[in-house]
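Colleague: coords please:
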Amino acid sequence: MEEKKKEYNKKWRDNHKEYNKKWRENNKEYFKKWYEENKEKKKEYDKKYLQENREKFLEYQKNYRKKEENKEKIKKYYEEKKVEISAYHKRDIITCECGRTLRRDNIQRHLKTDIHEKLISKKPI
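Modeller: The predicted structure is shown next:
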């Protein structure tokens, strides 16, 4: 019974794909308005969903990167966006209290390292 339902739904979606595409095009303003009204609720839902399905996402990413055709896509994307990617990684460079320079997004990980602890203990007060 459940399989028949799934099969029916799939056929229905396939048959109405073009109609749905046109409807979405004609109602873009509705979607923008809905998103603005429900932005916080959607972010909360997405965050919760990601936490509940974390293993599923990680497994998907691992498998995606292993496939040969995807390796080529990733390589091509990197080559096209190399400048933007390197600029992204060079942003917000800060100096820690121990004297090391690092990106702002790595500060929490750095604070837990042995190197940080050693440098802080050597530094005069």
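
Colleague: So what's the residue count around residue 79?
Modeller: For residue 79, the neighbour count with other Cβ atoms under 10 Å is 8. Quick note: C-beta positions are derived from backbone N, CA and C, even for glycine.

Colleague: Tell me where the chain has strands.
Modeller: Secondary structure of the chain (DSSP state E): strands at 93-95, 101-103.

Colleague: Would you mind finding the most buried of those?
Modeller: Mean neighbour count (mean count of other Cβ atoms under 10 Å) peaks for strand 101-103 among these, with a mean of 12.

Colleague: Now that strand: average pLDDT?
Modeller: Averaging pLDDT along strand 101-103 yields 88.

Colleague: residue ranges for the helices of the protein, please.
Modeller: Using DSSP state H, the helices found in the chain span residues 2-15, 17-26, 28-37, 39-52, 54-66, 68-90, 107-111, 114-122.

Colleague: ok and the fourth one relative to helix 54-66, angle-wise?
Modeller: This means helix 39-52. Per axes from the mean of the first three to the mean of the last three Cα atoms, to 10 degrees, the angle that helix 39-52 makes with helix 54-66 is 80 degrees.

Colleague: got the CA positions of helix 39-52 in CSV?
Modeller: Taking Å, rounded to 0.1, in the frame of the first residue of the first chain, the C-alpha atoms of helix 39-52 are listed here in CSV:
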residue,chain,number,x,y,z
LYS,A,39,12.9,33.7,8.4
GLU,A,40,13.6,33.0,12.1
LYS,A,41,11.3,30.0,12.2
LYS,A,42,13.0,28.6,9.1
LYS,A,43,16.5,29.1,10.4
GLU,A,44,15.5,27.4,13.7
TYR,A,45,14.0,24.5,11.7
ASP,A,46,17.0,24.1,9.5
LYS,A,47,19.4,24.1,12.5
LYS,A,48,17.3,21.4,14.2
TYR,A,49,17.1,19.3,11.1
LEU,A,50,20.9,19.5,10.6
GLN,A,51,21.5,18.4,14.2
GLU,A,52,19.1,15.5,13.9
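
Colleague: In contact with residue 82, which residues?
Modeller: Contacts for residue 82 (Cβ atoms under 8 Å, 6 or more residues apart in numbering) come out as none.
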